[in-house]
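Asks: Quick one: sequence plus predicted model below, questions after.
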Amino acid sequence: MLTDTLDTRCGPMDLKRVSVSPKRQITIPRQFFEKLNLGREVECILNEGEIIIRPVRQETEFAEEILADLIKRGLSGQELLIEFRRTRAAIRPAVERMIEEAKMEARKLTGSGDDELKEIFTYEE
C-alpha cells in the first residue's frame, strides 16, 4: 500500500513498508528503484536512528572537462560553482534523451527495437 506523506524538508514523499529477510535483505519497491535510477550499488547511511538508502553519488566522468571549460570561459568563485552544478546536473537528462533517441532509431530499423535495447541496457543477474 502506497501512502503519500509530507516531509517538510523535501516536499511530498512516498512511503512503502517492506519485509526484512532472515539474512537482513530488503527488496526496494520497483517504482522507487526506477524513479531514482538505481544501479548495482546504493549508499546506506545511518543517521539519527534512520537508515537512508540513496543512489551512489559519483562524480561524472566529465567533471574535469566541465571545470576546464568553465575556467576557460573566465568563471571563478561562486559563479564557477553555480555554473558547474548546473552543467553537471544537465548531463543525466542529456544521456537519457540520447538513449530515447537510440530506442526510436532502433525501432525504425527493426520494427521494434525493444529486444535489442533490453539486451544492451539490462544488467545480468
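Replies: Ah, there it is.

Asks: Looks to me like Leu38 is in a strand.
Replies: No. Counting by DSSP: H, G, I helix; E, B strand; the rest coil, Leu38 falls outside a strand, being coil.

Asks: Now do the same for it: its pLDDT.
Replies: pLDDT, Leu38: 88.

Asks: Distance check, it against Ile45.
Replies: Taking C-beta to C-beta, to the nearest Å as the criterion, Leu38 is separated from Ile45 by 15 Å. Quick note: C-beta positions are derived from backbone N, CA and C, even for glycine.

Asks: What segments of the chain are strands?
Replies: 3-7, 11-15, 42-47, 50-55 (DSSP state E).

Asks: any idea what sits nearest Ile66, other than its immediate chain neighbours?
Replies: Spatial nearest neighbour of Ile66, chain neighbours left out: Thr87 (5.1 Å); criterion: C-beta to C-beta, 6 or more residues apart in numbering.

Asks: so how many other residues sit close to that neighbour?
Replies: 17 (other C-beta atoms under 10 Å).

Asks: distance of it from Asp14?
Replies: Distance of Thr87 to Asp14, given as C-beta to C-beta: 30 Å.

Asks: rewinding a little: the strands of the chain: lowest mean pLDDT?
Replies: Mean pLDDT values for the strands of the chain show the minimum at strand 3-7, a mean of 40.

Asks: shaky segments in the protein?
Replies: 1-12, 57-61, 111-125 (pLDDT under 70).

Asks: hmm, back to that, between Leu38 and Ile45, who's got more neighbours?
Replies: Leu38 (15 against 10).

Asks: Verify the stated contact: that one with Arg30.
Replies: No. Judged on C-beta atoms under 8 Å, Leu38 makes no contact with Arg30 at a distance of 10.5 Å.

Asks: Which residue ranges of the chain form helices?
Replies: For the chain, the helices defined by DSSP state H occupy 30-35, 63-72, 77-89, 91-110, 114-121.
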